[in-house]
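J.: the following block contains a protein sequence and its predicted model.
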Amino acid sequence: MPASTPKPDRPGAQQWVPADADVDALRAAAHECRGCELWEPATQVVFSAGDARGRLALVGEQPGDQEDRRGVPFVGPAGRLLQRAVEEAGIDRSSTYVTNAVKHFRFTQSAPGNRRIHASPEVAHITACRPWLAAELAQVDPEVVVCLGATAAKALLPKDFRVTKHRGQLFRLPTSRGEKTFMGTIHPSAVLRVPEAERQAAYDALVADLRTAGGALT
């Protein structure tokens, strides 16, 4: 079936986001979210993982197939690559918080039982899910936020940000907890998609960007 199309009558997530809730309470409440139509075909909501007081937050696009089945972000091939890159960048993985801009898997599937193919979230999905992202980042209060890929950048960075042009640059932006440092870079899945001859260079560039983010921690 085709990837679902945002419906104009969907209210967005705000009414399901409990006020002043900690990350565990937000994660529990997210299972009831009907803020956009992506909850219907998805197996489950995939909220976040890692240190709920992490000094560095990594924000990706959306769960993939394996994440949707297991309910944990970044556990598939791209997630394993990201974990390795974080370690090579000298960042303590135990002090990071990992989440996605969109909490349900958007996919296409030609028939039941066939492989589910990733479909990028649309702006309407990013907008609908933004209250969850805002609430969890307000609770975690990280010093540095890294946006992995264009979808995360659309959720958190200025409208004129382009990954190809501005990746690896540090920005000071206002948040509900005061000014914080933000950076955008490629999503780790982009490394896996480049030709094998170019993959090491793409991976090294991702590590370099993450090293820059880690160096911004005070």
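T.: Cool, got the structure. What you see is a predicted model; the values in this text were computed from it and never measured. Numbers count the residues shown, from 1 in each chain.
J.: what comes up buried for the helix or strand harbouring residue 28?
T.: Using DSSP states H and E, residue 28 sits in helix 23-30. Of the residues in helix 23-30, 23, 26, 27, 29, 30 count as buried by neighbour count, 16 or more other CB atoms under 10 Å. (C-beta placed from N, C-alpha, C; glycine too.)
J.: what's in contact with that helix?
T.: 16-18, 21, 45, 47-48, 52, 103, 132, 135-136, 139-140 (CB atoms under 8 Å, 6 or more residues apart in numbering).
J.: export the buried residues of helix 23-30 to JSON lines and append columns for distance to residue 174 and pLDDT.
T.: Formatted as JSON lines, those follow (distance: CB to CB, whole Å; pLDDT from 0 to 100):
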{"residue": "23", "distance to residue 174": "22", "pLDDT": "98"}
{"residue": "26", "distance to residue 174": "22", "pLDDT": "98"}
{"residue": "27", "distance to residue 174": "26", "pLDDT": "98"}
{"residue": "29", "distance to residue 174": "26", "pLDDT": "98"}
{"residue": "30", "distance to residue 174": "25", "pLDDT": "98"}
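J.: same list (those) but as CSV, adding distance to residue 114.
T.: Putting the buried residues of helix 23-30 into CSV (distance: CB to CB, whole Å) gives the following:
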residue, distance to residue 114
23, 35
26, 33
27, 30
29, 32
30, 28
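J.: what about the helices in the chain?
T.: 23-30, 65-70, 77-88, 123-140, 150-156, 163-166, 188-193, 196-215 (DSSP state H).
J.: out of the ones you listed, which comes closest to residue 176?
T.: helix 123-140 (5.0 Å; CB to CB).
J.: now do that closest one and helix 23-30, the angle between them.
T.: Using axes from the mean of the first three to the mean of the last three CA atoms, to 10 degrees, the direction of helix 123-140 lies 150 degrees away from that of helix 23-30.
J.: name the helices or strands packed onto helix 123-140?
T.: Applying 3 or more CB pairs under 8 Å, 6 or more residues apart in numbering; DSSP states H and E, we find helix 123-140 packed against helix 23-30, strand 56-60, strand 96-100, helix 150-156.
J.: now the ones you listed as a markdown table including distance to residue 78?
T.: Output for the helices and strands packed on helix 123-140, formatted as a markdown table (distance: least, CB to CB, whole Å):
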| stretch | distance to residue 78 |
| --- | --- |
| helix 23-30 | 21 |
| strand 56-60 | 8 |
| strand 96-100 | 11 |
| helix 150-156 | 13 |
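J.: ranking the helices of the chain by burial, who's on top?
T.: With neighbours taken as mean count of other CB atoms under 10 Å, the helices of the chain reach their highest mean count in helix 150-156, at a mean of 23.
J.: and the contacts of that helix?
T.: Under the contact criterion CB under 8 Å, 6+ apart, helix 150-156 has outside partners 59-62, 100-102, 120-121, 123, 126, 129-130, 133, 145, 147, 161, 163, 173, 182, 184, 187.
J.: so which of the buried residues of helix 23-30 comes closest to residue 111?
T.: residue 30 (29.3 Å).
J.: burial of the nearest residue to residue 211 once chain neighbours are set aside, as a residue count?
T.: Nearest non-adjacent residue to residue 211, counting by CB to CB, 6 or more residues apart in numbering: residue 89, 4.2 Å away. By the criterion of other CB atoms under 10 Å, residue 89 has 17 neighbours.
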